[in-house]
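Colleague: show me how the following folds:
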Amino acid sequence: MQIRKLGGTISVTAVLALAAPSHAQQPMELTALDYFEIQQLVAKYARAIDTCANNGYDYADLYTSDGMFVPIINGTEAPGIQGREALAEVSGGGSNNCENVGWIEQGVRHIYVNHIITPTAEGAEGTVDMLMIGLGGDPNKIEHDGYYDDVYVKTPQGWRFAKRTHHATYDAATRPESAPYEGND
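Modeller: The predicted model follows:
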């Protein structure tokens with residue numbers, strides 16, 4: 001099929017291509033290595049938050065320079081945390097010096113499961129469930145603590161979080177105190 005215009009012809013395909021919105025971008029193609037490196041980013045997050053490594057700066061450095069952590073607790077969004085110093089502090093480090101960090105004192109470990117990564121035009125997005133083991137000092141207690149929605153970007157330093165939103169689904173009033181575990185040995 002052809003359309004005549006001003007004495008020339010234009011194919012319908014060319015006309016349709018011109019009519020397509022220019023803002024529609026294709027997702028970038030992720031390699032197997034990209035998927036692995038994004039999974040490693042999430043694993044490094046768990047280790048950094050569990051140990052307050054490098055006074056919280058190992059955690060902060062998992063984000064881009066303008067990256068943001070956004071907590072949403074039982075559907076209520078708290079202000080986002082942005083900037084290396086603020087991110088180090090939210091992980092227990094920075095000016096807090098990794099002191100009195102409740103989850104570390106209890107021996108809690110973060111575990112991330114069911115990680116789904118989807119390519120986007122700018123990098124990738126992901127969702128991952130969070131489990132915590134060791135609450136209340138009980139090494140056998142596991143709790144589902146919501147999930148994360150992530151935006152990942154590839155930087156010269158590797159994959160980083162541009163934004164990490166934690167959808168926490170716990171009730172702090174029902175959580176056990178930080179008392180040491182007194183179970184049967």
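Colleague: which residues are in contact with residue 100?
Modeller: Neighbouring residues of residue 100 by Cβ atoms under 8 Å, 6 or more residues apart in numbering: there are none. To be clear about C-beta, it is placed using only N, CA and C from the backbone, and glycine gets the same treatment.
Colleague: by mean pLDDT, flag the weakest helix or strand of this protein.
Modeller: For the chain, counting by mean pLDDT, DSSP states H and E, helix 12-19 ranks last in confidence among helices and strands (a mean of 43).
Colleague: residue ranges for the strands of this protein, please.
Modeller: In the chain, the segments counted as strands under DSSP state E are 2-5, 8-11, 63-73, 76-77, 81-82, 109-119, 124-133, 142-155, 158-168.
Colleague: gap between stretch 149-158 and the chain center?
Modeller: 10 Å (Cα atoms, centre = their mean, to the nearest Å).
Colleague: hang on, I meant stretch 124-139
Modeller: 12 Å.
Colleague: pLDDT averaged over that stretch, what's the number?
Modeller: The pLDDT scores in stretch 124-139 average 93.
Colleague: just stretch 34-42 next, same as before
Modeller: Here stretch 34-42 scores 98 as its mean pLDDT.
Colleague: which parts of it are buried?
Modeller: 34-35, 38-39, 41-42 (16 or more other Cβ atoms under 10 Å).
Colleague: residue 131: which of these is nearest?
Modeller: Nearest to residue 131 among these is residue 42, at 12.8 Å by Cβ to Cβ.
Colleague: ok, residue 133 to residue 103 distance?
Modeller: Per Cβ to Cβ, to the nearest Å, residue 133 is found 11 Å from residue 103.
Colleague: spit out the contact partners of the closest residue to residue 69 other than its chain neighbours.
Modeller: Of all residues not flanking residue 69 in the chain, residue 81 sits nearest, at 4.6 Å (Cβ to Cβ, 6 or more residues apart in numbering). Applying Cβ under 8 Å, 6+ apart, we find residue 81 in contact with 68-71, 87, 90.
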